[in-house]
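[1] got a predicted structure plus its sequence, pasted below:
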Amino acid sequence: MADGDFAGAADVLTQALELVPRYAAGWFALGEARVKIGDRAGAVLAFDRACAVDPADRHGAALQLTLLGAATPATPPAYVRAVFDQYAPAFDKALVEGLSYRAPQLLLDAVKVARVPMKFGTVLDLGCGTGLTGVAFRPYCDFLIGIDVSGGMIAQAKAKGAYDKLIEAEITAFLASEAPSTYHLVLAGDVFVYVAYLGPLFAATARAMKDGALFAFTVETHDGEGVLLRDTLRYAHGASHVRAALAEAKLALVSLETASTRTEKGEPVPGLIVVAAK
């Protein structure tokens, strides 16, 4: 499709998929081609077929269906894992230098205001990635645990040496398996862009927090009130949705500040830096 002949590409893919009907990547590519030529119904059928032959949805067809208004929002863990396993070796350079990423420092500044003195026992870094947030918070933790769905990202985090323990797991399942009242601080930098509705995950996080513990996180945001899937396939959450999800989880809002954690095409992406307490 490099030459822009999306109609021709759709025809070729349709013929090929008659021979290999269980080729998920082919169905996904067909969906993309049909989107380009304005065939919404055909695109929905193709992306739906991609999901059917690959239930793990490593290509993110369900997100494309959401953009087309044909599915319930969800980011498949296998899609996130595949993206970041591939991205891990170049992640820090691309994010910090290319996108001016600064979520770790913004989170650190917010937590320093919320908690004096700045010292925590057991700390959990959700979606720790390559460990940038862990490096920022290491001096203030007795025991720091990082969890990420991507083994490639975990390997990069391990090399930084900031964590006492690293776990490769999906964060919702991990939190559900944890003992209640375990953590003094829970961190999540640039994680909830892959989560549509925050309430269930916030409730699971609250369960794992000790009384008096803090929960500090970032989200991308927008001017509306609900959840928006942007064309980057990252979720943006309205401030009212964040407040409601915290209240539902019985977490008290400590601070909510507007700030951009990264840029896109040279422009700041609107975001929120949030600290809540149990």
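    Perfect, I can see it now.
[2] which residue is the nearest non-sequential neighbour of residue 165?
    Nearest non-adjacent residue to residue 165, counting by C-beta to C-beta, 6 or more residues apart in numbering: residue 145, 4.7 Å away. For every residue, glycine as well, the C-beta is placed using N, CA and C.
[3] the one you found - how many residues pack around it?
    22 (other C-beta atoms under 10 Å).
[4] how near is residue 184 to residue 209?
    Separation of residue 184 from residue 209 (C-beta to C-beta, to the nearest Å): 8 Å.
[5] between the two, point out the one with more neighbours.
    residue 209 (23 against 19).
[6] what pLDDT is listed against the closest residue to that one other than its chain neighbours?
    Of all residues not flanking residue 209 in the chain, residue 278 sits nearest, at 4.5 Å (C-beta to C-beta, 6+ apart). We have a pLDDT of 97 for residue 278.
[7] now that residue 278 has come up, it's in contact with residue 213, right?
    Yes: at 5.1 Å, residue 278 counts as touching residue 213 under the criterion of C-beta atoms under 8 Å.
[8] higher neighbour count, those two?
    residue 213 (25 against 20).
[9] now do the host helix or strand of the more buried one: which elements does it pack against?
    If you go by DSSP states H and E, residue 213 is part of strand 209-220. In terms of contacts (3 or more C-beta pairs under 8 Å, 6 or more residues apart in numbering; DSSP states H and E), strand 209-220 is packed against helix 103-114, strand 183-188, helix 199-208, strand 235-237, strand 271-277.
[10] 6 Å - rerun?
    Using 3 or more C-beta pairs under 6 Å, 6 or more residues apart in numbering; DSSP states H and E as the contact test, the elements touching strand 209-220 are helix 103-114, strand 183-188, strand 271-277.
[11] burial check on residue 149, number of neighbours?
    When neighbours are counted by other C-beta under 10 Å, residue 149 comes out with 24.
[12] next, it: phi, psi?
    Main-chain torsions, residue 149, degrees, to the nearest 10: phi -80, psi -20.
[13] what's the spacing between the residue nearest to residue 209 and residue 131?
    25 Å.
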